[in-house]
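Generate a structure from the sequence data that follows.
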Amino acid sequence: MISGSTFKPAWWLLNRHAQTIWPTLFRKRFKQDFQRIRFELPDGDFVDVDWTLDNGGPLVIILHGLEGNIHSHYATSMLQHLAQSGFTAGLLYFRGCSGEANRLPRAYHSGDTADVAFVVNQIKQQYPERKCFAVGFSLGGNVLLKWLGETGSANPLNAAVAVSVPFELARASQQLNEGFSKIYQKHLLDKLLRSLARKRDMTTPFDIEHALESKTIYEFDERVTAPVHGFTDAMDYYEKSSCRQFLSTISIPTLIIHAEDDPFMTPDVIPGEHELSPGTRLELSKQGGHMGFVSGPVPFRPIYWLEQRISGYLSKL
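Got it, this is the predicted structure:
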């Protein structure tokens, strides 16, 4: 099902880039105490989850975007909002994103669902009687939707939400190398290269110094992501990892929130209604940018609509 969104952009943030950049640059980051739980993975690596205080409510696992962490503009506030709404929420860091380099040459990628599956199953075994939801942002949304489609009716979650998803990775990579979107590419690429530089002392299946000279996301995926994760090349990685092809086999209730003006991709990557499973709802808004969705009638007093929409959706399940 595809429907319109109730989101109304702030009149002083109508541009798609303004919607995208405002929360990244100007949103206040509130200090919050979290409990960090480490999960040892079957291959000897680890991932961390930062949890809010356990209030006994339904569990919500948040999957961040590319090189995201607790300081990402949506992270702490989303956790806080969910906790205030009666949920126990945790931010699941992809490998190497929790402030400590992971142990192996490999890291994570847009189609890597194994770590999410492992952590969710561990949590469900520990709390079998509690509802468990997941919310994925950008790359995390792609991972989440791909996993939901791969597992179908066997998925252990009760419901899911995905925001600003790059449905086709090749097209997203191309879009990030065009026009003003190159600004976003440089920001993300700089983060990727800093993380990669911490692995200079490791033996890797690629030339790390050559990889550190990457000028685009595509070059990074060609030189690093593909060889270290077993793909033939970047295009093979994009083709196999894009979530669009998995949407029809999702079984659990799923909400996808997307803006047609998302500067990380073009409107033609948005799936049609025939590509969605019966339980999947795609809410489209004309504006909102990439993980922006900033509303509010008073200049410089923003209302972050995403938090209200996500908690409201999960609270009814």
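
hey, where'd the strands end up in the stretch 151-300 of the chain?
Remark: strands assigned in the stretch 151-300 of the chain by DSSP state E, counting those that start in this stretch are 159-163, 254-259, 280-285, 294-295.

Check which helices and strands the host helix or strand of D50 sits against.
Assigned by DSSP states H and E, D50 belongs to strand 46-51. If you count contacts as 3 or more Cβ pairs under 8 Å, 6 or more residues apart in numbering; DSSP states H and E, strand 46-51 packs onto strand 35-40, strand 88-92, helix 114-126. The C-beta positions use only the backbone N, C-alpha and C, and glycine is treated the same way.

what's in contact with the second one?
Strand 88-92 is touched from outside by 34, 37, 47-64, 69-70, 75, 78-79, 82-83, 116, 119, with contacts defined as Cβ atoms under 8 Å, 6 or more residues apart in numbering.

Can you say which of the residues you listed are buried?
34, 37, 47-52, 57-64, 69-70, 75, 78-79, 82-83, 116, 119 (16 or more other Cβ atoms under 10 Å).

residues in contact with the residue most central in space within the chain?
With distances taken as Cα atoms, centre = their mean, the residue of the chain nearest its centroid is G140 (2.3 Å). Neighbouring residues of G140 by Cβ under 8 Å, 6+ apart: 62-65, 68, 94.

Among the residues you listed, which one sits closest to I21?
G65 (14.6 Å; Cβ to Cβ).

close enough to count as contact, that closest one and S138?
Yes: counting by Cβ atoms under 8 Å, G65 does reach S138; the two are 3.5 Å apart.

Now do the shared contacts for the two.
Counting by Cβ under 8 Å, 6+ apart, the residues touching both G65 and S138 are M291.

got the contact list for I257?
Here I257 is in contact with 5, 161-164, 283, 285, 293, 306, 309-310 (Cβ under 8 Å, 6+ apart).

let's see 7 Å
I257 sits next to 161, 163, 283, 306, 309 when contact means Cβ atoms under 7 Å, 6 or more residues apart in numbering.

what's the answer for Y218, then?
173, 177, 234.

got a winner among these for most neighbours?
In terms of neighbours by other Cβ atoms under 10 Å, these top out with S173 at 24 neighbours.

Return the per-residue confidence for that residue.
pLDDT for S173: 97.

what residues are up against it?
Contacts of S173 (Cβ under 7 Å, 6+ apart): 217-218, 221, 238.

Ok, K8 next?
The contact partners of K8, by Cβ under 7 Å, 6+ apart, come to S295.

W51 now?
34-35, 37, 88, 90.

go on, L314?
L314 sits next to 60, 87, 133, 159 when contact means Cβ under 7 Å, 6+ apart.
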